[in-house]
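Q: Here is a sequence together with a model predicted from it:
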Amino acid sequence: MGLIKTKGIVTKIVNYSDNDKIITLITADQGKIQVFCKGAQRVKNSVLACTEFLAFSEFVLYEGKGDMYNFSSADIIEVFYNLRIDVEKLSYATTMAQIINDVCQEGELGYKKLQLFLNTLYVLSETEKELDFVYSGFRIRLLAILGFIPKLALCTTCNQNAIDIENKFFSIKDNGVKCDICARLDKGAIKISEVTYTSLVYILSSDAKKIFSFEIPANDLEELKLVAQIYTNEKLEKEYKVMKI
Ligand SMILES: [Zn+2]
């Protein structure tokens, strides 16, 4: 019976019988794993806090039947308390947990995805940044981690340097920036301001801990939201909506 030690965050909970639950963890070294937690529904059980939604802990697990692990013990690292007491923040966190669950696989190295998810939850929990801004930045950066990196240096059609393009568009079809002449032949292209363009460049190139450390005016945020929404739906082939809790 092999024991493993891993840091992970709870992204899904399924109650099992009257006392037990099965949690989904996103970990850096094991990817997405399922853990059977005996007795975790009992209020007085010490296992409870570590197995709550969005709790991040260092777990000791032992291998169970099939792909399932069994809970042995855990030390809590972060519970993101503010997300639990704010219904709106919790709705965004829940939607992001659903996305991260969908894009993480079992047995992969998930360090970058876990790091992005934890950094995003931290900003959501500890700051009053616009929720749609945080959600948009999370999705754009996540898609880049998954390999969908928008081309922002040159027009994707005529190769004009983006610095020289006065009226910029974002093409979903061609994954990147377009000049206004090329955008005329691309019906799905979205007009973006210089601020939105710079924000996209920043989100994709900044240090992992600084993705959200800038301000964006409301009009530009609307464009960023639109790009993030359409780009995510297209690349992940699924329509995500922030759930009302
Ligand atoms: Zn062009």
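A: Perfect, I can see it now.

Q: all strands for this protein, in order.
A: Here the chain has its strands, by DSSP state E, at 3-16, 20-27, 31-37, 56-63, 69-78, 168-171, 176-178, 190-192.

Q: what about the closest residue to V47 other than its chain neighbours, how many residues close to it?
A: Nearest non-adjacent residue to V47, counting by C-beta to C-beta, 6 or more residues apart in numbering: A40, 4.7 Å away. Backbone N, C-alpha and C define where each C-beta goes, glycine included. Residues lying near A40 (other C-beta atoms under 10 Å) number 24.

Q: And A40, how far from E215?
A: Distance, A40 to E215, using C-beta to C-beta, to the nearest Å: 41 Å.

Q: hang on, the earlier thing: tell me if I'm right that the residue nearest to V47 and L48 touch.
A: Yes: contact criterion C-beta atoms under 8 Å: A40 and L48 qualify, at 6.1 Å.

Q: Please name the bridge partners of the residue lying closest to A162 once chain neighbours are set aside.
A: What sits nearest to A162 in space, not counting adjacent residues and going by C-beta to C-beta, 6+ apart, is V177, at 5.2 Å. V177 has the following beta-bridge partners by DSSP bridges: F170.

Q: Equivalent analysis for Y16, please.
A: In this entry, Y16 is beta-bridged to D20, by DSSP bridges.

Q: Near it, how many other residues are there?
A: By other C-beta under 10 Å, the residues close to Y16 number 14.

Q: for the one 4 residues further on, same thing?
A: The local packing of D20 (other C-beta under 10 Å) involves 17 other residues.

Q: tell me the contacts of it?
A: Counting by C-beta atoms under 8 Å, 6 or more residues apart in numbering, D20 touches F36, C37, K38, G39, A40, Q41.

Q: Can I get the buried part of those residues as one ChimeraX selection?
A: To isolate in ChimeraX the members of the contacts of D20 that are buried, counting by 16 or more other C-beta atoms under 10 Å, one can use:
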select :36,37,40,41
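
Q: hmm, which two among the contacts of D20 are most spread apart?
A: F36 and Q41 (12.3 Å; C-beta to C-beta).

Q: Now tabulate the contacts of D20 in TSV and tack on distance to the ion and pLDDT.
A: Below are the contacts of D20 laid out as TSV (distance: C-beta to the ion, whole Å; pLDDT from 0 to 100):
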residue	distance to the ion	pLDDT
F36	55	94
C37	55	91
K38	60	86
G39	62	81
A40	56	77
Q41	58	74
